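K.L.:
Quick one: sequence and predicted model below, then my questions.
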Amino acid sequence: MRTILAAMTAILLAAAGPIRADEIRVAWVRQEIALPPTLSNLDPMPDDLGVAGARLGIADNATTGTFMGQSWTLTEHAVAPDGDFAGAVEAALAETDLLVIDASADALLRAADMPGTARALLFNTAAPETPLRGTDCRANVLHTLPSRAMLTDALMQFFVMRRWTALVMIEGPKPGDRALAESYRASAAKFGLSIRRTAEWTFDADLRRSAAAEVPLLTQQFGKYDVLIAADEANDFARYIPYNTWMPRPVAGSEGLRPAAWSPAVEQWGAAQLQSRFTRATGRAMLPRDYAAWAAVRAIGEAVTRSGATTAPELRSYMLSGAFELGGFKGRPLTFRPWNGQLRQSIPLTHRGALVADAPLDGFLHPISELDTLGLDAPESGCAAFAK
């Protein structure tokens, strides 16, 4: 029996290539964001959001890397909202040229434009802004978090499939809400739909007590419609909209049917195993930023194992090539778009209890990949940095 196992191990190692003796370091760099007060504390922000996914990714890389002679290390750098983010990036660069960034869009761009990161590789795991994949793209940044456009496109595909064409929307007052609402409008136009009416959320009452009175009055103005979209990026007021609308209609967007990079409701394609491992390690469910950080670290691991490269320029070149793919527990291989560095991935549409659909949906075709029907395709990207 031992002879058979030894022979099988030898065959597997030979197939994988020569045994290496590499020490690969990955740095996780986060700038905390000062969060405004919300109406509900039912979904508190975990202290280990994001970094928990990176830790699991390192553990997964180490499992495979043991057979390849690889050693994987994760260093963690976190600064306060008013802290020295540039200093944290410089400290990370002293250790490695592979950085997983958990920060706002502005902070990400500042890091990408630092002289020391010119030949480094940064992974965006927290900023959903679509322009980061378009006119504001940087050649040294790859994105494992979906853009807002990918999320809103996924929801519009579902509406088209269901023939829900009479759309209305409640738009929140914060900058992120407005950006999300604009993305919904752009996605609706992309798929031949339109948002007929929009109402702004202006209430400052305690909705835990007054939702049954305030929400019907706000939604009465919409008249007849098929579905109501809530553009509330922090899910502050949106949670109070279902079952309180004037018309008995479904709610989608920030509450009800929600598009997200990841959800505890995703269980197919081996995802339940990833979910359970994460829960055992952290005591909570995996969230989209956790998944994005996990995918970034696993993408590095897959590229190192498959290509034998260990430096950022070599790994970037391989990840953007047709040879790279990542098994991300989403039913299809995940790859990076060579025109803007966005990780192609399906978008689950879920409610709080179950998976409803997985976009891209059947019937939405593309000459290269159906995943490219979500978000900025090559002709509309406007990203010049990746063409150099």
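P.N.:
It's in.

K.L.:
tally of neighbours for Q221?
P.N.:
Per other CB atoms under 10 Å, the neighbour tally for Q221 reads 10. Every C-beta, even on glycine, is put in place using the N, C-alpha and C of the backbone.

K.L.:
How about T279?
P.N.:
A total of 13 residues lie near T279 under the criterion other CB under 10 Å.

K.L.:
Check which residues of the helix or strand containing it are buried.
P.N.:
For T279, the element it lies in under DSSP states H and E is helix 271-282. For helix 271-282, burial by neighbour count (16 or more other CB atoms under 10 Å) applies to 271, 274-275, 278, 282.

K.L.:
So which residue is smack in the middle of this protein?
P.N.:
Nearest to the mean C-alpha position of the chain, counting by CA atoms, centre = their mean, stands L145 at 2.5 Å.

K.L.:
what's it in contact with, if anything?
P.N.:
L145 makes contact with 124-128, 261, 288-289, 292, according to CB atoms under 8 Å, 6 or more residues apart in numbering.

K.L.:
Buried ones from those residues, can you make that a PyMOL selection?
P.N.:
The PyMOL command for the buried members of the contacts of L145 (criterion: 16+ other CB under 10 Å) is given here:
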select buried, resi 124+125+126+127+128+261+288+289+292
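
K.L.:
per-residue confidence at A205?
P.N.:
Note on A205: pLDDT of 58.

K.L.:
One more: D43?
P.N.:
We have a pLDDT of 78 for D43.

K.L.:
Report the residue spans of the protein with pLDDT below the cut-off.
P.N.:
Low-confidence segments of the chain (pLDDT under 70): 1-21, 36-41, 204-210, 388.

K.L.:
Could you rerun that using 50?
P.N.:
The chain contains residues with pLDDT under 50 at 1-19.

K.L.:
which stretches of this structure form helices?
P.N.:
For the chain, applying DSSP state H gives helices covering 2-16, 51-65, 85-93, 105-112, 148-162, 175-190, 207-220, 271-282, 288-307, 312-319, 378-381.

K.L.:
Out of the ones you listed, which is closest to A357?
P.N.:
Across the helices of the chain, A357 has its closest neighbour in helix 148-162 (5.6 Å, CB to CB).

K.L.:
angle of that closest one against helix 288-307?
P.N.:
Angle, helix 148-162 to helix 288-307, by axes from the mean of the first three to the mean of the last three CA atoms, to 10 degrees: 100 degrees.

K.L.:
tell me what helix 148-162 is packed against?
P.N.:
With contacts defined as 3 or more CB pairs under 8 Å, 6 or more residues apart in numbering; DSSP states H and E, helix 148-162 has these neighbours: helix 175-190, strand 251-253, strand 258-259, strand 347-350, strand 355-359.

K.L.:
Using the record's domain definitions, break the protein down for me.
P.N.:
Following automatic domain parsing, one finds the domains of the chain at 17-146+263-387, 149-259.

K.L.:
quick one on the thing from earlier: for the helices and strands packed on helix 148-162, which one sits closest to D22?
P.N.:
Each of those has some distance to D22 by CB to CB; the shortest is strand 347-350, at 34.2 Å.

K.L.:
ok, that closest one: who's next to it in the sheet?
P.N.:
In the sheet, strand 347-350 lines up against strand 258-259 (antiparallel), strand 355-359 (antiparallel) (DSSP bridges).

K.L.:
now those as a markdown table including mean neighbour count and distance to D97?
P.N.:
Shown next, in a markdown table, are the strands paired with strand 347-350 (neighbours: other CB atoms under 10 Å; distance: least, CB to CB, whole Å):
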| stretch | mean neighbour count | distance to D97 |
| --- | --- | --- |
| strand 258-259 | 24 | 33 |
| strand 355-359 | 18 | 34 |
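
K.L.:
now the ones you listed in a markdown table, with distance to A139?
P.N.:
Putting the strands paired with strand 347-350 into a markdown table (distance: least, CB to CB, whole Å) gives the following:
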| stretch | distance to A139 |
| --- | --- |
| strand 258-259 | 28 |
| strand 355-359 | 28 |
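
K.L.:
Relative to L167, which of those strands is closest?
P.N.:
Closest of the strands paired with strand 347-350 to L167 is strand 258-259, at 14.6 Å (criterion: CB to CB).

K.L.:
Work out the gap between that closest one and the centre of the chain.
P.N.:
In terms of CA atoms, centre = their mean, to the nearest Å, the gap separating the centre of strand 258-259 from the centre of its chain is 12 Å.
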